[in-house]
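**Student:** no sequence on this one, just coordinates:
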């Protein structure tokens, strides 16, 4: 005979079933919690790596920025050096061009003097020399002055006029006139006016300068007169030939600066 389950039995079964379901749910939640905890730990680890990587990137960026500024500084310095070199190059080029012009002008002047005073040069009364960018015209005193005189003689005037024609053409050259003597003391006829060879050499140089200005029409600001007495000889004063060489006027053409 079939008996219906008692109420107690049914309640017990329900409780048992409920406990089984709760335990299963608990186990599932535990697993999910462990999985979430693992994922969290993994995420935290990744985040740590990310922070470290970010710090490295920041450091690398700062280093790159520093190097960039350094290179920029080098670039500015190089640019300034290049500008300086360019200026130096332009100045050097300008100097070379000026020196080339000076040499060309001096050579042209020399050629003209050689042509106009050919006879005097052949007779060794006049000598031309190019020395360190200057042209020196040496005239023996007898072609310019009579013995014991400081006024330019007639023949000397002709020579200086020929020379002045050439000197007028190039206004970029100053004209320095130097007077030189031998070491023979001044004669009695001149000693009152020219006590020593200093005064005589200077007076003759001034005489040439005045003639070049007044008769040769050279600008006075281009002219200079200097006397050296017998202290710059070109030969020995022990012989008559040497003394003749030392008695001279030197006209030096100096390029204007």
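**Tutor:** Arrived safely, thanks for sending. All of these numbers come straight from a predicted model, not from anything done at the bench. Numbers count the residues shown, from 1 in each chain.
**Student:** just the helices in the stretch 1-150 of the chain please.
**Tutor:** For the stretch 1-150 of the chain, the helices defined by DSSP state H, counting those that start in this stretch occupy 7-116, 118-122, 141-144.
**Student:** Helix or strand with the lowest mean pLDDT in the chain?
**Tutor:** The helix or strand of the chain with the poorest confidence is helix 7-116; it has a mean of 77 (mean pLDDT, DSSP states H and E).
**Student:** now for that one, which elements pack on it?
**Tutor:** Contacts defined by 3 or more C-beta pairs under 8 Å, 6 or more residues apart in numbering; DSSP states H and E place helix 7-116 against strand 126-131, strand 134-140, helix 154-167, strand 173-180, strand 248-255. Any C-beta I mention is one placed from the backbone N, CA and C, and that applies to glycine too.
**Student:** how about those, which one is nearest residue 98?
**Tutor:** Of all those, strand 248-255 sits nearest to residue 98, with 8.3 Å by C-beta to C-beta.
**Student:** I'd like the average pLDDT over the closest one.
**Tutor:** Strand 248-255 carries an average pLDDT of 95.
**Student:** That one versus strand 126-131: what angle between them?
**Tutor:** Computed by axes from the mean of the first three to the mean of the last three C-alpha atoms, to 10 degrees, the angle separating strand 248-255 from strand 126-131 equals 40 degrees.
**Student:** Throw the helices of the stretch 1-150 of the chain into JSON lines and include distance to residue 164 and mean neighbour count, thanks.
**Tutor:** Compiled in JSON lines, these are given as follows (distance: least, C-beta to C-beta, whole Å; neighbours: other C-beta atoms under 10 Å):
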{"stretch": "helix 7-116", "distance to residue 164": "10", "mean neighbour count": "11"}
{"stretch": "helix 118-122", "distance to residue 164": "15", "mean neighbour count": "13"}
{"stretch": "helix 141-144", "distance to residue 164": "13", "mean neighbour count": "21"}
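**Student:** about what we covered before: chain center to the least confident helix or strand of the chain: distance?
**Tutor:** Remark: helix 7-116 is offset 42 Å from the chain centroid, using C-alpha atoms, centre = their mean, to the nearest Å.
**Student:** and what of stretch 249-257?
**Tutor:** Computed by C-alpha atoms, centre = their mean, the chain-centroid distance of stretch 249-257 equals 26 Å.
**Student:** Show me which residues of it are buried.
**Tutor:** Within stretch 249-257, the residues that count as buried by 16 or more other C-beta atoms under 10 Å are 249-255.
**Student:** residues making contact with it?
**Tutor:** 102, 105-106, 109, 133-139, 141, 144, 163, 167, 172-180, 204-205, 208 (C-beta atoms under 8 Å, 6 or more residues apart in numbering).
**Student:** mind redoing it with 7 Å?
**Tutor:** If you take C-beta atoms under 7 Å, 6 or more residues apart in numbering as the criterion, stretch 249-257 is touched by 102, 106, 109, 133-139, 141, 144, 172-180, 204-205, 208.
**Student:** For residue 153, which of the helices of the stretch 1-150 of the chain is the nearest?
**Tutor:** helix 141-144 (6.4 Å).
**Student:** by contact count, what packs against the closest one?
**Tutor:** Packing contacts for helix 141-144, counted by 3 or more C-beta pairs under 7 Å, 6 or more residues apart in numbering; DSSP states H and E, involve helix 154-167, strand 248-255.
**Student:** what sits up against it?
**Tutor:** Contacts with helix 141-144, where a contact means C-beta under 7 Å, 6+ apart, come from 120, 125, 152-153, 155-156, 159, 208, 247-249.
**Student:** between the residues you listed, which is nearest residue 215?
**Tutor:** residue 152 (8.9 Å).
**Student:** My read is that the closest one contacts residue 210, right?
**Tutor:** No. Shown here, residue 152 and residue 210 do not form a contact pair, counting by C-beta atoms under 7 Å, at 8.7 Å.
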